[in-house]
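1. Requesting a structural model of the entry that follows:
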Amino acid sequence: MQEIITLHCGIDGCNTHYEYKHDEENIVGICAQWRNEKSKGGDWAGLLPEKPNVGEKYELLINFALKLDLTQSFWVTYFDPYTEHEGLESELGINSMLFCLCRKKSVIEVGNRTAKLEIEVLDIKKITEDNVTKAETNKRTEFLDKEINSRYVSVENFEKFSVIRANYQSDWGWTYIIEKKNGKSRIAAENHWDFHQTIWQLTNEELSKEQEKKYGIQTSV
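-> Numbering: from 1, shown residues only. Below you'll find the model as predicted:
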């Protein structure tokens, strides 16, 4: 039985990939498409419309350059089908986000660039949960303080969230989800993507009032 899978990018002969390592303290999730028997053949190419549940089994499609040890559990992000296809465009889409701790049940298919796995969900974390991860300081705001006025950075405000995107000519970048709650703002999740990876990390970094203003974060009075 195959226990370590290695997927490649679209460049022939390229051996660069993201090597996933499970860390109990730092929740990092890989991106994948979710399906089950009920969703197959439905809208959005059969993507799972309901949020996953602990103890249930699902099919994952992974399609980025990745090395993954299937003897260990691993975190996978979930978004509703529209957001999975179109990106973070609404409060509803942001609210659909979950970090799901998964365990491999079986390997359905592995190719050069894609893999299909049957997994069981062991645990689920929401980005809005209090104390879901330890508080951090100056890990991401140090970058944002320098880059926020760059022409590559944009900010979009919603009622309970803001999204900061740093897109460097569509080659690589970061996305930050800012949760606005009880008069405070914090970076709740970070996405790093480039040609060889697309991962999310659950974060907990509070913004100062000065940083809210500098970043263009609109908060309710």
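2. From N149, how far off is the residue lying closest to Q33 once chain neighbours are set aside?
-> For Q33, ignoring the flanking residues on the chain, the nearest one in space by CB to CB, 6 or more residues apart in numbering is L61 at 4.3 Å. (Glycine included, C-beta is placed from N, CA and C.) Distance check for L61 against N149: by CB to CB, to the nearest Å, it reads 38 Å.
3. The two - which one has more neighbours?
-> Taking neighbours as other CB atoms under 10 Å, L61 and N149 compare with L61 leading, 17 against 9.
4. Go ahead and list the helix or strand containing the more buried one.
-> strand 57-62 (DSSP states H and E).
5. Only alpha carbons, please: show that strand as PDB.
-> Taking C-alpha atoms only, strand 57-62 is exported to PDB below (Å, rounded to 0.1, in the frame of the first residue of the first chain):
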ATOM      1  CA  LYS A  57     -15.600   9.600   5.400                       C
ATOM      2  CA  TYR A  58     -15.000  11.600   2.200                       C
ATOM      3  CA  GLU A  59     -13.100  11.600  -1.000                       C
ATOM      4  CA  LEU A  60     -10.300  14.200  -1.500                       C
ATOM      5  CA  LEU A  61      -8.800  15.300  -4.800                       C
ATOM      6  CA  ILE A  62      -5.400  16.900  -4.400                       C
END
